[in-house]
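K.L.:
Here's my sequence, what's the structure:
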Amino acid sequence: MAVEEAKPGCQSLCGNLTVPYPFGMEEGCYMERNFFIRCDNSSTTEPPKPLLSTSNIDVLHIDLDGELRIRNWVGSDCYNSSGPSSSFQTWLRSGLYNISSTKNKFTAIGCDTIAIITGTTGQDYTTGCVSLCGGINDVSDGSCSGIGCCQASIPRGVRDYNISLGSFYNHSTVLTFNPCTYGFVVEEGEYEFSTWDLNRTDDNWKLPMVLDWTIGDQNCSEANQDPETYACKDNTVCHEPEFGNGYLCRCNDGFEGNPYLSNGCQDKNECEALNPCNSTCHNTFGGFYCSCPEGYEGDGSWPPGWKWLQS
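P.N.:
Okay, the predicted model is just below:
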């Protein structure tokens, strides 16, 4: 288990967020500048708010297995009887981070909606969707298949996006119940379409999404050639993400802690954590073994399934 620990001597909390190394909130507390988390503790912010680097993007959670949950703005394109009335364009320039292709969806809401998402960092791409409907009775809560709401997949290996929103008829045929189009990247399971959203008129809407992070651009074998910069410390194993460049570190089996800190991965006491034996359990460095009392034979372990039947 990766334990969310900051570098010794460094601040670990910003509001309700624990900021583990390689991330940090002060110079000398993060591995590199791209892992900087800005803690906004101004008088207008209570509790303090963690932000991604120098941006105004909220950071919700940092997972040492390579995920970063953020909350970003929803884009909008609104109309009234005279035509276009307001628009809010949303984008993300993550640089270091891949936008997770497996845990996010590009989503658009509207009954006269053209939604396009493009990017050039990591991969050049353009994709999008169209959503149409003639009346409020055409749409169904929870359905996002092109009638009031549509979705498209995020391509693999992309690190930025720009959302463009448009309309076929300036919403003139649906204006009474749908004045605006909305477009956003959102973590799967964190948004469910509601017919009430067709009548939204606000531009202060944020939703969560998932970014993937790694260390550098080298693979494990390349990074291991330079002990000075290699991020995986004692009692760790290096592994490479399924998508994208770079590498991540994990504690070896039998150890737990933060694999990016010196002495960060410590021996785990399986005897206390797992109760794996039906007699005497002996913790060892990186493992354990069971033994039977004198006069008994066997390996001292619970028979398969027996422990769970007793719990």
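K.L.:
Please, which helix or strand holds residue 272?
P.N.:
Assigned by DSSP states H and E, residue 272 belongs to helix 270-274.
K.L.:
Relative to the whole chain's centre, how far out is that helix?
P.N.:
30 Å (CA atoms, centre = their mean, to the nearest Å).
K.L.:
Give me the contacts around that helix.
P.N.:
254, 276, 277, 281, 282, 283, 287, 288 (CB atoms under 8 Å, 6 or more residues apart in numbering). (Glycine included, C-beta is placed from N, CA and C.)
K.L.:
Quick one: residues contacting the fourth one.
P.N.:
When you say that, I think you mean residue 281. So residue 281 contacts 270, 271, 275, 288, 289, 290, 300 (CB under 8 Å, 6+ apart).
K.L.:
what about the strands in the stretch 51-200 of the chain?
P.N.:
With DSSP state E, counting those that start in this stretch as the criterion, the stretch 51-200 of the chain has strands at 58-63, 67-73, 75-80, 83-88, 91-93, 98-99, 104-110, 112-119, 125-132, 148-153, 160-166, 180-187.
K.L.:
re the thing from before, may I see the buried residues of the helix holding residue 272?
P.N.:
270, 271 (16 or more other CB atoms under 10 Å).
K.L.:
if you average pLDDT over that helix, what comes out?
P.N.:
Mean pLDDT, computed over helix 270-274, is 73.
K.L.:
Same question for stretch 53-73.
P.N.:
Per-residue scores along stretch 53-73 average to 93.
K.L.:
ends of it, how far apart?
P.N.:
16 Å (CA to CA, to the nearest Å).
K.L.:
How far away from the center of its chain is that stretch?
P.N.:
7 Å.
K.L.:
likewise stretch 50-68?
P.N.:
With CA atoms, centre = their mean, you get 8 Å for stretch 50-68.
K.L.:
Next one: residue 214 from residue 252, what distance?
P.N.:
Going from residue 214 to residue 252 by CB to CB, to the nearest Å gives 19 Å.
K.L.:
no no, residue 185
P.N.:
35 Å.
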